[in-house]
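Undergrad: Sharing a model that was predicted from the sequence below.
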Amino acid sequence: MSPAAAPSPPPAIAQPPAQEGKAYLTAKVGGVIPKSSDLEGFDNGLSLEAALGYRVNENFALEFGVGHFSMSGAQTGYVSGVFATVKADVTAYSVTGAVRLVLPVDKLELYGLAGGGLYPITERGELSAPGYTTATNSASDTPFGFFLGGGLNVKLSPSARLGAEVKYVIGKVTLFNTDSEFNSIIVAVGLTFSL
């Protein structure tokens with residue numbers, strides 16, 4: 001009589017992939033490019049932003065962001081018959097909310113972005129002319145602005161992504177009793193971490 005056959009091992013149970021966190025944190029750095037004719041003479045500036053997001057599902061997320069951008073410019077010409085140089089520095093902050101529509105493709109994510117919020121803005125002006133004392137002045141306002149944009153993320157690991165983004169910011173601010181549009185393009189690269 002032959003010995004009893006050894007029992008076969010139980011079938012392996014496939015483990016589901018590790019679930020990524022639904023909340024995420026993004027840090028971005030880039031440049032701001034003035035596009036409004038009211039910003040003629042301003043140079044490109046620096047942009048910094050951080051956002052906390054919540055992935056509702058694979059294709060939809062909500063974000064809350066804070067940011068900072070700045071730009072400066074200078075023009076020369078005659079002011080009240082005197083040849084002078086006018087310099088201006090604009091500093092802006094942003095407190096915004098946004099929706100993100102996501103199209104995942106393997107390790108790549110394409111997304112569109114739309115949102116808006118408050119943009120506290122300060123402009124500091126300086127007027128100088130040979131033989132005259134330099135005059136400075138500043139003004140601030142907190143207008144509402146909105147933006148549209150899009151970008152892509154490349155998955156580096158289950159919890160980290162490297163991305164690039166372009167946003168078009170639209171808004172109007174009142175400084176020195178003058179209404180001006182601050183429409184600009186923000187181009188940034190960033191890192192996103194699932195929480």
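TA: Right, received. Where do you want to start?

Undergrad: Could you list everything residue 150 pairs with in the sheet?
TA: Residue 150 forms beta bridges with residue 112, residue 166, as assigned by DSSP bridges.

Undergrad: Name all residues that make contact with it.
TA: Neighbouring residues of residue 150 by CB atoms under 8 Å, 6 or more residues apart in numbering: 110-113, 165-166. The way it works is simple: take the backbone N, C-alpha and C, and place the C-beta from them, glycine included.

Undergrad: all strands for the chain, in order.
TA: 23-34, 45-57, 60-79, 82-105, 108-118, 121-128, 135-141, 144-157, 160-175, 178-181, 184-194 (DSSP state E).

Undergrad: where in the chain is pLDDT low?
TA: Within the chain, the stretches with pLDDT under 70 are 1-21.

Undergrad: Show me the residue at the heart of it, geometrically.
TA: residue 49 (5.1 Å; CA atoms, centre = their mean).

Undergrad: Enumerate every residue touching the spatially closest residue to that one that is not a sequence neighbour.
TA: In this structure, residue 49 finds its nearest non-sequential neighbour in residue 67, 3.6 Å apart by CB to CB, 6 or more residues apart in numbering. Shown in contact with residue 67 (CB under 8 Å, 6+ apart): 47-50, 93-94, 96.

Undergrad: Just the buried ones from those residues?
TA: With burial judged by 16 or more other CB atoms under 10 Å, the buried subset of these is 47-49, 93-94, 96.

Undergrad: could you dump these to CSV with distance to residue 173?
TA: Formatted as CSV, the buried ones among the contacts of residue 67 follow (distance: CB to CB, whole Å):
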residue, distance to residue 173
47, 17
48, 20
49, 19
93, 12
94, 12
96, 15
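
Undergrad: now, which of these sits nearest residue 124?
TA: Distance to residue 124, by CB to CB, is smallest for residue 93 among the buried ones among the contacts of residue 67, at 14.7 Å.
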